[in-house]
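Undergrad: With the sequence up front, the predicted model follows.
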Amino acid sequence: GENVEQHPSTLSVQEGDSAVIKCTYSDSASNYFPWYKQELGKGPQLIIDIRSNVGEKKDQRIAVTLNKTAKHFSLHITETQPEDSAVYFCAASKGGGGTSYGKLTFGQGTILTVHP
Amino acid sequence: GAVVSQHPSWVICKSGTSVKIECRSLDFQATTMFWYRQFPKQSLMLMATSNEGSKATYEQGVEKDKFLINHASLTLSTLTVTSAHPEDSSFYICSAQGAGTFGSGTRLTVV
């Protein structure tokens, strides 16, 4: 089955700096790669996603890049703010579309701390 | 946007009892819902795929007789942890309508 590795496990940055979290996946059939932010005691919140037919996607301060050949994808957060502090998870899916994308394999998570 | 409501948010039960967790899609119909389990400081692990009107599909290593899933309508899936034991204590999270919509989770503590 799919295996997703995520690094680093913890990341500490100063407010205003950039943060980068990287993930690799094993199944070349995976075609959907979402990123989640999870705050303590809450469910994960989708922050950005990318499909395998796209190499990069950006939404304000957040961007995701995908290298299908190397089977890795990364989350980039610019101009970090203290409220960005949370646990971030990457995930991979090989759903054919629609609800199939809900069957996800998650990375191990990254605890991001943004110091004011 | 799509909203998934999960209840209860937390529950404490005695060892040997059963606990039911509900996952509702509030503004859409979900033919498929997913149940995940998350142990403290760990990632989310898929337990099962809940299909409306048919049997759930369980991931390897998940006991279907212990974790009963019912998806009797297009807006409700339930997970019942039967004969709960302390090792079942975890954070249970459902999702529906693809990857973007997760419930708020249920913290189960078995004492």
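TA: Received, thanks.
Undergrad: C-alpha only now, for contacts and for neighbours.
TA: Will do.
Undergrad: Surely residue B:36 is in contact with residue B:90?
TA: No - contact criterion C-alpha atoms under 8 Å: residue B:36 and residue B:90 do not qualify, at 10.1 Å.
Undergrad: Can you pick out the residue with more neighbours from the two?
TA: Per other C-alpha atoms under 10 Å in any protein chain shown, whichever of residue B:36 and residue B:90 has more neighbours is residue B:36, with 20 against 17.
Undergrad: Can you read off the backbone torsions of the closest residue in space to residue B:105 that isn't next to it in sequence?
TA: For residue B:105, the nearest residue in space outside its immediate sequence neighbours is residue B:93; the separation is 4.3 Å by C-alpha to C-alpha, 6 or more residues apart in numbering or on different chains. Here is the backbone geometry of residue B:93 (degrees, to the nearest 10): phi -130, psi 140.
Undergrad: Residue B:93 - how many residues pack around it?
TA: 28.
Undergrad: swap in residue A:51?
TA: Neighbours of residue A:51 using other C-alpha under 10 Å come to 17.
Undergrad: so for stretch A:68-76, what's the average pLDDT?
TA: For stretch A:68-76, mean pLDDT rounds to 96.
Undergrad: Compute the first-to-last residue distance for stretch B:8-21.
TA: Using C-alpha to C-alpha, to the nearest Å, the span of stretch B:8-21 from its first residue to its last is 6 Å.
Undergrad: Over to stretch B:27-45?
TA: End-to-end distance of stretch B:27-45 (C-alpha to C-alpha): 26 Å.
Undergrad: quick one: is it near chain A?
TA: Yes - Stretch B:27-45 comes into contact with chain A (C-alpha under 8 Å from any C-alpha of the partner chain), by way of B:32-34, B:42-45.
Undergrad: what about residue 84, neighbour count?
TA: Because you didn't say which chain, this covers chain A. 17.
Undergrad: actually chain B
TA: The tally of other residues near residue B:84 (other C-alpha under 10 Å) stands at 22.
Undergrad: next one: the one 3 residues further on
TA: Burial of residue B:87, expressed as a neighbour count using other C-alpha under 10 Å, amounts to 11.
Undergrad: Enumerate the beta-bridge partners assigned to the residue nearest to it when sequence neighbours are not counted.
TA: If you skip the residues right next to it in sequence, residue B:87 has residue B:110 as its closest partner in space, 7.7 Å away by C-alpha to C-alpha, 6+ apart. Applying DSSP bridges to residue B:110 yields these beta-bridge partners: residue B:13.
Undergrad: Fine, thanks again, bye for now.
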